[in-house]
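Trainee: below: sequence and its predicted model.
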Amino acid sequence: MRRYVAFGLLFSFAAALFLLTSALQPASVRNRLDFLMLYTGGTIVKQGLRGKLYDYETQLAVQRNFGHEQPLPYNHPPFEALVFLPFAYLSYRRAYLLWGVVNIAVLTTVSFLLGPYFRHFDTGSRLVLVGVAIFPLVAVVSGGQDSALLLLAYVLAFLNLKKNRDLLAGCALAMGLFRFQLVLPMLVVFLVRRRWKVVLGALAVGGVFTLVSLLLAGWGGCLSYCNLLLSMTGKANRNMAYIVQTEMPTLRGFTYLVLGGRLSPRYLGIFIALGSVALVWWLVRRWGQVEKLEDRTFDLLFSLSVVVSILVTYHLLLHDLLLLVLPVTIVLDRCAQAASRTGNRLWGLGKPLLVMPLVGLSLTQLGLITADATRFLGVSFCFLLLFALAISREIAVCQNAPSRE
């Protein structure tokens, strides 16, 4: 009961703080947030404009009411527009506030589900988790993004896999297909590992989403969505919001940051593709090298899978790093347990090789965001790669010294 009360108070405090700060937010700022894109998708569906979901003029007509002469395009899959259909029946301001409360409720639910992994947390663990999550968290809640739903899908998949409910785990993972570029690398692992029920659950939910998308947007609309994704990066044009590749904390972002001015886009694409395949192949091999999937090794393998999915994804921005909450919580729980055994409870440095990449990631993001230099966020890839290597090493430690864990 104390746990329910604690999380209820946490939700109430966070929701009240969000509503208070949002009430002080000027309309000119609120109308420029990412939520407008999602609200536009729901509004077009509400108006019954089948096939117009990705039409430039239709989106512009909706967003002119909010002072936009160049629309912030709805660039999510067609089926996700249904999630925001109920919000389209409210004014934009009320819809934004309600979605913020929903986001906070989802994040509180995630915290509750991961509650057992917080039991050993000390001061250092909490500081590191806050450092990693704070900027993605603010971007999600204040910007009205949907990455909290993706995190919930991953957490539900993780918990169901731990209980050998593979079919439900696959369904839960597929609920995150609105960020399919992050989900597909995970599904590749389960496909190669022949976890057929996971794949079947994902295919079932994915099939429903595909059917809903066709009903909402038609074949023409779905093709327009594919063309939109291809034109979101590369070069700016009057119809699209330009996304700088180097802002992505991924292999793609780091490659463009280091080699963008030295190689042609064709060779950059080849390099990124080969690097992504190599990382996924390494992940699959790591799963195959683990003889017994005990709880501790499975937790780490799933964490490694999440981090590798982030590294290889084609499109990812700061708010999507909220997904790191799952692997970071699992890893910090292990670090805190090790710290308690060594007596160093203050900073949670029982396993510094696991902690230091996270500290580096946090400080780098703090420096770049404070200096308004987010175009260099691709350098975060280095710390995420070090984190993945540290998790892999910890898996080997679990296998070689199970009696000490």
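Mentor: On my side now, so go ahead.

Trainee: closest to the centroid, which residue in the protein?
Mentor: residue 320 (3.3 Å; Cα atoms, centre = their mean).

Trainee: so where do the helices sit in the stretch 51-200 of the chain?
Mentor: 56-63, 92-113, 123-143, 147-162, 166-174, 180-192, 196-231 (DSSP state H, counting those that start in this stretch).

Trainee: for the ones you listed, give me TSV that also has mean pLDDT and distance to residue 257.
Mentor: All C-beta atoms are positioned from the backbone trio N, CA, C, and that covers glycine. As requested, the helices of the stretch 51-200 of the chain are exported to TSV (pLDDT from 0 to 100; distance: least, Cβ to Cβ, whole Å):
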stretch	mean pLDDT	distance to residue 257
helix 56-63	87	30
helix 92-113	92	30
helix 123-143	90	18
helix 147-162	95	23
helix 166-174	95	30
helix 180-192	92	19
helix 196-231	89	21
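
Trainee: residue 360 is nearest to which of these?
Mentor: helix 123-143 (10.1 Å; Cβ to Cβ).

Trainee: so what does the closest one touch, helix or strand wise?
Mentor: If contacts are counted by 3 or more Cβ pairs under 8 Å, 6 or more residues apart in numbering; DSSP states H and E, helix 123-143 sits against helix 2-23, helix 92-113, helix 147-162, helix 325-342, helix 352-370.

Trainee: make JSON lines out of those helices and add distance to residue 196.
Mentor: Output for those, formatted as JSON lines (distance: least, Cβ to Cβ, whole Å):
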{"stretch": "helix 2-23", "distance to residue 196": "36"}
{"stretch": "helix 92-113", "distance to residue 196": "26"}
{"stretch": "helix 147-162", "distance to residue 196": "14"}
{"stretch": "helix 325-342", "distance to residue 196": "24"}
{"stretch": "helix 352-370", "distance to residue 196": "33"}
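
Trainee: these: which one's closest to residue 247?
Mentor: helix 352-370 (9.6 Å).

Trainee: C-terminal to that closest one, what's the next element?
Mentor: Next along the chain after helix 352-370, taking DSSP states H and E as the criterion, comes helix 380-400.

Trainee: dump the helices and strands packed on helix 123-143 to JSON lines, plus mean neighbour count and distance to residue 395.
Mentor: Shown next, in JSON lines, are these (neighbours: other Cβ atoms under 10 Å; distance: least, Cβ to Cβ, whole Å):
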{"stretch": "helix 2-23", "mean neighbour count": "13", "distance to residue 395": "30"}
{"stretch": "helix 92-113", "mean neighbour count": "19", "distance to residue 395": "23"}
{"stretch": "helix 147-162", "mean neighbour count": "22", "distance to residue 395": "16"}
{"stretch": "helix 325-342", "mean neighbour count": "22", "distance to residue 395": "11"}
{"stretch": "helix 352-370", "mean neighbour count": "18", "distance to residue 395": "11"}
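
Trainee: out of these, which is closest to residue 120?
Mentor: Here helix 325-342 is closest among these (Cβ to Cβ), at 4.1 Å.

Trainee: what does the closest one contact?
Mentor: Residues outside helix 325-342 that contact it (Cβ atoms under 8 Å, 6 or more residues apart in numbering): 110, 114, 117-122, 124-125, 128-129, 132-133, 151, 154-155, 158, 296, 299-300, 302-304, 306-307, 345, 347-351, 354-355, 358, 387, 391, 394.

Trainee: again, only using 7 Å
Mentor: 110, 114, 117, 120-122, 125, 128-129, 132-133, 151, 154-155, 158, 299, 303, 306-307, 345, 348-351, 354-355, 358, 391 (Cβ atoms under 7 Å, 6 or more residues apart in numbering).

Trainee: repeat for stretch 61-77
Mentor: Under Cβ under 7 Å, 6+ apart, the answer for stretch 61-77 is 31, 36-37, 40-41, 43-44, 53-54, 56, 59-60, 92, 178, 213, 225, 228-229, 232, 238, 240-241.

Trainee: could I get the helices of the stretch 51-200 of the chain as JSON lines with distance to residue 273?
Mentor: Shown next, in JSON lines, are the helices of the stretch 51-200 of the chain (distance: least, Cβ to Cβ, whole Å):
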{"stretch": "helix 56-63", "distance to residue 273": "30"}
{"stretch": "helix 92-113", "distance to residue 273": "33"}
{"stretch": "helix 123-143", "distance to residue 273": "26"}
{"stretch": "helix 147-162", "distance to residue 273": "24"}
{"stretch": "helix 166-174", "distance to residue 273": "24"}
{"stretch": "helix 180-192", "distance to residue 273": "13"}
{"stretch": "helix 196-231", "distance to residue 273": "15"}
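
Trainee: returning to what we had before: could you check how far the residue nearest to the centre of the chain is from residue 218?
Mentor: 28 Å (Cβ to Cβ, to the nearest Å).

Trainee: tell me who's in contact with the residue lying closest to residue 209 once chain neighbours are set aside.
Mentor: In space, and not counting its chain neighbours, residue 209 is closest to residue 79: 4.5 Å by Cβ to Cβ, 6 or more residues apart in numbering. By Cβ under 7 Å, 6+ apart, residue 79 lies in contact with 209, 212-213, 216.

Trainee: give me the below-cutoff pLDDT ranges for the stretch 301-405 of the chain.
Mentor: Within the stretch 301-405 of the chain, the ranges that satisfy pLDDT under 70 run 341-350, 401-405.

Trainee: rewinding a little: by neighbour count, which of the contacts of residue 79 wins?
Mentor: Highest neighbour count within those: residue 216, with 23 neighbours (other Cβ atoms under 10 Å).

Trainee: any idea how far residue 106 is from the residue nearest to it when sequence neighbours are not counted?
Mentor: Nearest non-adjacent residue to residue 216, counting by Cβ to Cβ, 6+ apart: residue 78, 4.6 Å away. Look at residue 78 and residue 106: by Cβ to Cβ, they are 22 Å apart.

Trainee: ok, back up a step: spit out the contact partners of the residue nearest to the centre of the chain.
Mentor: So residue 320 contacts 147, 179 (Cβ under 7 Å, 6+ apart).

Trainee: okay, stretch 98-108 in PDB with CA atoms only?
Mentor: The C-alpha trace of stretch 98-108 is given here as PDB (Å, rounded to 0.1, in the frame of the first residue of the first chain):
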ATOM      1  CA  LEU A  98      -4.300  16.600 -21.200                       C
ATOM      2  CA  TRP A  99      -1.500  14.800 -23.200                       C
ATOM      3  CA  GLY A 100       1.100  16.100 -20.800                       C
ATOM      4  CA  VAL A 101      -0.900  14.500 -17.900                       C
ATOM      5  CA  VAL A 102      -1.200  11.300 -19.900                       C
ATOM      6  CA  ASN A 103       2.600  11.300 -20.400                       C
ATOM      7  CA  ILE A 104       3.200  11.800 -16.700                       C
ATOM      8  CA  ALA A 105       0.800   8.900 -15.900                       C
ATOM      9  CA  VAL A 106       2.600   6.600 -18.400                       C
ATOM     10  CA  LEU A 107       6.000   7.500 -16.800                       C
ATOM     11  CA  THR A 108       4.600   6.900 -13.300                       C
END
